[in-house]
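S.K.: below is the sequence, then the predicted model.
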Amino acid sequence: MKKPFLIRLSMFIFSFSLSMLLGNPVYLLTKASDKIEYLYPANKEKVFDETVDEFYEALRDLKYPVHQELYKRYKLRSKEQQRHLDTILFKEMPDASVNIREKLLFKEVEKLNYITFDGNILRPYPDIDINYHQTVSPDRQVYFFYSFKDTEKEFRGRYAIYDAETKETVAGGNTYMPKLNHTRNTYDKEG
């Protein structure tokens, strides 16, 4: 009973290995595209006169139609879902340790990750990896906003990335991480 099973298993492994070695003819007939089509293509050569601070003020004042539309959709939500407006239309945290406003290329955003220690492991935030944002060209100009507060007890942060040309949100989010208390022991110290 075991022998036929082992024979079939070894034949399957052999045929699979052989097909991996020789390649699949269906895939060999397809041609890889040399140029990636991005939803937000490269625009690093374009000149945008608006500074990052001017864009931030325009964002807060709902100057652009895309932000007015986001705000209208936000207001249609239930009261419980309306607590994240400062993330949807980025607003700096009033008690933040650091506020960052930068106009840069999308590929440069990864360099602005902040590393925090939660008492157990080091964690990057916002942990942006441009490989996961395949709709945006690495050579696309963006506005990057980042606000966080890092204390002994907790880490709070929020970020947003806006396209410099269309003014649309490319990425964003917020986080809260409580930190482990190092003074707490699993045993009682006695005298």
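M.R.: Looks like it came in fine.

S.K.: show me the shaky parts of this structure.
M.R.: Scanning the chain for pLDDT under 70 picks out 1-2, 5-6, 9, 11-12, 14-34, 81-84, 86-87, 181-191.

S.K.: what do you get if the cut-off is 90, keeping everything else the same?
M.R.: Within the chain, the segments meeting pLDDT under 90 span 1-39, 70-89, 94, 110-135, 151-152, 155, 171-177, 179-191.

S.K.: residue ranges for the helices of it, please.
M.R.: Counting by DSSP state H, the chain has helices at residues 2-22, 25-29, 52-60, 65-75, 85-88.

S.K.: so which elements touch the fourth one?
M.R.: Packed against helix 65-75, as judged by 3 or more Cβ pairs under 8 Å, 6 or more residues apart in numbering; DSSP states H and E, are the following elements: helix 85-88. All C-beta spots, glycine's among them, are computed from the backbone N, C-alpha and C.

S.K.: give the bridge partners for the residue nearest to Phe55 when sequence neighbours are not counted, please.
M.R.: Of all residues not flanking Phe55 in the chain, Tyr143 sits nearest, at 5.2 Å (Cβ to Cβ, 6 or more residues apart in numbering). Applying DSSP bridges to Tyr143 gives these bridge partners: Lys103, Tyr162.

S.K.: report the central residue of this protein.
M.R.: Ile128 (4.2 Å; Cα atoms, centre = their mean).

S.K.: follow-up on the earlier one: would you confirm that the residue nearest to Phe55 contacts Tyr162?
M.R.: Yes - with contact defined as Cβ atoms under 8 Å, Tyr143 counts as touching Tyr162 (4.5 Å).

S.K.: shared neighbours of those two, anything?
M.R.: Residues touching both Tyr143 and Tyr162 (Cβ atoms under 8 Å, 6 or more residues apart in numbering): Phe55.

S.K.: can you show me the CA trace of stretch 111-127 as CSV?
M.R.: C-alpha atoms of stretch 111-127 as CSV (Å, rounded to 0.1, in the frame of the first residue of the first chain):
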residue,chain,number,x,y,z
LYS,A,111,14.2,57.3,4.5
LEU,A,112,11.9,59.2,6.8
ASN,A,113,10.7,56.1,8.8
TYR,A,114,11.1,56.6,12.6
ILE,A,115,12.3,53.8,14.7
THR,A,116,10.7,53.4,18.1
PHE,A,117,11.2,50.8,20.9
ASP,A,118,8.1,49.4,22.4
GLY,A,119,9.9,47.7,25.3
ASN,A,120,10.2,44.4,23.4
ILE,A,121,11.3,45.1,19.8
LEU,A,122,12.3,48.0,17.6
ARG,A,123,9.4,49.1,15.3
PRO,A,124,9.6,51.5,12.3
TYR,A,125,6.8,53.9,11.7
PRO,A,126,5.2,54.6,9.3
ASP,A,127,7.1,51.7,7.8
